[in-house]
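A.B. asks: mind looking at a prediction? Sequence and model below.
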Protein chains: 2
Amino acid sequence: MSKGITGRNEDYSQWYNELVSKADLAEHSAVRGCMVIKPYGYAIWEKMQAALDQMFKDTGHSNAYFPLFIPKSFFSKEASHVEGFATECAVVTHYRLKNDGNGQIIVDEEAKLEEELIVRPTSETIIWNTYKGWIQSYRDLPILVNQWANVVRWEMRTRLFLRTAEFLWQEGHTAHETKEEAVEETERMLEVYATFAEHWMALPVIRGKKTETERFAGALDTYCIEALMQDGKALQAGTSHFLGQNFAKAFDVKFTSKEGKLDYVWATSWGVSTRLMGALIMAHSDDAGLVLPPKLAPIQVVIVPIYKTTEESQQIGALADEWIADLKAKGISVKYDDRDTQRPGFKFAEWELKGVPVRVAVGARDLQNCTVELARRDTQTKETVNRQGLSERIVALLDDIQENIYKKALSYRNEHITEVNSYEEFKRVLEGKGGFIAAHWDGTPETEKRVKEETKATIRCIPLDNKQEAGTCIFTGKPSAQRVLFAKAY
Amino acid sequence: MSKGITGRNEDYSQWYNELVSKADLAEHSAVRGCMVIKPYGYAIWEKMQAALDQMFKDTGHSNAYFPLFIPKSFFSKEASHVEGFATECAVVTHYRLKNDGNGQIIVDEEAKLEEELIVRPTSETIIWNTYKGWIQSYRDLPILVNQWANVVRWEMRTRLFLRTAEFLWQEGHTAHETKEEAVEETERMLEVYATFAEHWMALPVIRGKKTETERFAGALDTYCIEALMQDGKALQAGTSHFLGQNFAKAFDVKFTSKEGKLDYVWATSWGVSTRLMGALIMAHSDDAGLVLPPKLAPIQVVIVPIYKTTEESQQIGALADEWIADLKAKGISVKYDDRDTQRPGFKFAEWELKGVPVRVAVGARDLQNCTVELARRDTQTKETVNRQGLSERIVALLDDIQENIYKKALSYRNEHITEVNSYEEFKRVLEGKGGFIAAHWDGTPETEKRVKEETKATIRCIPLDNKQEAGTCIFTGKPSAQRVLFAKAY
Ligand SMILES: [Zn+2]
Ligand SMILES: [Zn+2]
């Protein structure tokens, strides 16, 4: 197995692309901007989905499914919403092809739609149009619904998982009686995302609010979790929006309260996407390949037999059968790699590339000594241990790896939050060390825009429970009440 | 809870529509032909998905994801395939909207795609174009991949679940070294579908092959499972296609065999869709509402307390807590319906309408007598039983209901397979009793077409292991070697 991945320090972007390709996670399709998620990549996404879906259900949500297409007129009803998405919409205009008589397949102009359909870039409009029929009274509230779906946002420059024209995601859409309830829901789901990122992805995140400029099109408030990648760039890993009554007003969704009063419904929406795959890959992996947190690894343990004789092969096979049964009973996924077409060294490199957290190797000497060689992917260390109590040891090891990966990412992240007090310092840190930069800002979109134009850094968020601290804006020198987090971002 | 569902005998079609609506399964969306699958309907679909997905994985398949869009040129590569789907394709022609300056949102004509994109009606073409990059040698085979996705087939006349422009499905796409392997896979997946239909949906099916006329566009052979609905019409509940080398040739996918020979790859594809929801609803339900097989019921048991005093309410609540814990530990989903806004009679009717298999009611007298009232949805019978060993009793009851529903559907189906020996008899049975009609057919598409035009009956399938029996075609009088199954169908 020749890996030949470019080193992270050499070319981080190239390292990422090669890793996604060589670890069989995804590839570009023949359709501009659309990706193919390969089985190994999809298996990770399925584990993410399962964990998130359970968390959504545990917080009272149900899944449903809404149409792929949105009539153009719906899409236009919420002004800032359409403004946010209009320039990146795939538009369906016809519903039939025909043979042109010369053997060419062409669009049938007689099958032109009266009203164009937009392939959903997000579903607020079609969902709120539907909710109108579901909501009359406070008894119909809250509505706590989630959808797993594909969405399309036409992108000119795409990168696998990080930015693609079509991507997979979930979008929660909830409806509430009061503003307070809606805000609570927005915050609850942000916390669900943060918990998922930290406990499952081993990804430390900063919980915060977006500035007005960076808000979701149609939201009154956008909460987000922000993570840091190994190249010092930030990645928004999930957003939760407080939509106020904007969509209820656009679609005329009112309810009768307990007191008999008619009022517009309060809304939230929240989503994470296959972008999380990009975050997962970039946060932990190294120059030898993927590093996966055990909780999301499709294969948690690989067993590689090393033998010369058929007898050795059979002896190892018999031992492996036992371990596999033990591990499976403990809910651990195991692969026994007994391919006779590849040498052990090739297999070691392949499973390293694919990020399998624990490798068990067993050779002739191990048979004699009642030992195995245990290797952990995160630290790339190995030790020879007695095979007594192997499965318990592996369970503990997987826990330890999950924790270690998180701690490593956390200390990297914490080391890369830098307070600066001048624009010069800001630019120096941004171009050098990178990471989050905590700086005073005068609170205006104008300053935010100027800084972005000059440095490509954006305000990633205003952390929740941010320390209030008087200061002066690094750009304008105007007064500021708190620092905000800037960074270059994916 | 006033149900007011039209009776099946009165108007079967109306009964179905009302049931889908009143049981909160799905509704028409504002987008022509596209449905909204509501949370309760989607919960059933999720149970179906989970069971099928496990069966696919148990037979060695992995999930992956391919683009929503297919370039028109790909779509045109397999001649009979494009012929089959061209007249029902949603076509994306533009990738941007803009404001026309007068506040109207219009399609931006400057953002016209060079090549139109088809919203996938099925994914053979984009997948085989992808497989070309995955397959070089026999070592890369077999490829056993499944995709859960939405697809679009433009339909003018739609019915919720049964025929919609957008629907959800899974599509398996496999690639093999030999014809034999591909045929085996085709048959294996048909058997997976049949097992799922029978064991999970409690739906007896006939395994068969389609005639040439009814084959999938691009297949050499289409296997199917056919079920019978309560109005005597057949419903195709799943198909598995042997594609031969058609798509490999269209996309030039060759592999080097063990012997170093270059050959085209052999293919299968197979799918089931949200249409199964329609089959599930129609096969078992009655004039009081849904009847769900326990294995697919989102709520398997509902507990309804009947009390007058707070003390009674508390006593029943304490008992219910215990039962719920017991049942959940046994993997059974339970709902405790303690709404104080509705009376017990309303609740009984509502859960009946929604097809919850077992209802437990507990009142003041039950408290005294250590009893509960157990009602089963399938037979609409109830009995008062001692609450000793309640959860074990419920487990057994659920098994019994699952079996009973299946047996009932099976005897209905078996009673509705009629052998006929003349065209007169054929028409009489078709218009009267309905169901499957086993008749001799001369094997020609012409006769099949004429019969369809005259009677609306199609050949549903040639059953696997069909009895060979010399006879004469009921329509032409020409010789026939076997009977085939005709029916009117959904
Ligand atoms: Zn943030
Ligand atoms: Zn059939």
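C.D. replies: That came through fine. Predicted, not measured: the structure shown is a model, and the values here were computed from it. Ligands and ions are numbered 1, 2, ... in the order given.
A.B. asks: A:E312 belongs to a helix?
C.D. replies: Yes. Judged by DSSP: H, G, I helix; E, B strand; the rest coil, A:E312 forms part of a helix.
A.B. asks: residues in contact with the closest residue to it other than its chain neighbours?
C.D. replies: Distances taken as C-beta to C-beta, 6 or more residues apart in numbering or on different chains place A:A364 nearest to A:E312, at 5.4 Å, with adjacent residues excluded. Where C-beta positions appear, they are placed from N, C-alpha and C, glycine not excepted. A:A364 is in contact with A:306-308, A:312, counting by C-beta atoms under 8 Å, 6 or more residues apart in numbering or on different chains.
A.B. asks: pLDDT wise, what is A:A364 at?
C.D. replies: If you check A:A364, the pLDDT there is 93.
A.B. asks: quick one: it from chain B, how far?
C.D. replies: Remark: distance between A:A364 and chain B (C-beta to the nearest C-beta, to the nearest Å) = 28 Å.
A.B. asks: now swap in A:Q230 and tell me
C.D. replies: On the measure of C-beta to the nearest C-beta, A:Q230 and chain B end up 26 Å apart.
A.B. asks: helix or strand for that residue, which one?
C.D. replies: Using DSSP states H and E, A:Q230 sits in no helix or strand.
A.B. asks: residue ranges with poor pLDDT in the stretch 1-150 of chain A?
C.D. replies: When residues are selected by pLDDT under 70, those of the stretch 1-150 of chain A lie in A:1-3.
A.B. asks: how about it: which residue is closest to ligand 1?
C.D. replies: The nearest approach of the stretch 1-150 of chain A to ligand 1 comes at A:G84, 18.0 Å away (C-beta to the ion).
A.B. asks: excluding its backbone neighbours, what's nearest that residue?
C.D. replies: Nearest non-adjacent residue to A:G84, counting by C-beta to C-beta, 6+ apart: A:A217, 2.4 Å away.
A.B. asks: got it, and A:H61?
C.D. replies: That would be A:L144: by C-beta to C-beta, 6+ apart, it lies 4.5 Å from A:H61.
A.B. asks: A:Q14 touches A:R8, doesn't it?
C.D. replies: No. Counting by C-beta atoms under 8 Å, A:Q14 stays clear of A:R8, with 9.4 Å between them.
A.B. asks: more crowded one of these two?
C.D. replies: A:R8 (18 against 13; other C-beta atoms under 10 Å in any protein chain shown).
A.B. asks: and chain A, which of its residues are near ligand 1?
C.D. replies: A:208, A:224, A:226, A:460-461 (C-beta under 5 Å from the ion).
A.B. asks: for ligand 1, give me its nearest residue in chain A.
C.D. replies: Ranked by C-beta to the ion, the top residue of chain A for proximity to ligand 1 is A:C461, at 2.3 Å.
A.B. asks: show the pLDDT at that residue.
C.D. replies: For A:C461, pLDDT reads 98.
A.B. asks: looks to me like it is in a helix.
C.D. replies: No. Counting by three-state DSSP, A:C461 is not found in a helix; it is strand.
A.B. asks: can you get me a residue count around it?
C.D. replies: 26.
A.B. asks: cool, A:V119 as well?
C.D. replies: Neighbours around A:V119, by other C-beta under 10 Å: 26.
A.B. asks: in the sheet, who's paired with it?
C.D. replies: A:F69 (DSSP bridges).
A.B. asks: again, but for A:H440
C.D. replies: Assigned bridge partners for A:H440, using DSSP bridges, are A:R483.
A.B. asks: tell me the pLDDT at it?
C.D. replies: A:H440 is given a pLDDT of 98.
A.B. asks: now do the SS call for the residue of the stretch 1-150 of chain A closest to ligand 1.
C.D. replies: Three-state call for A:G84 (three-state DSSP): helix.
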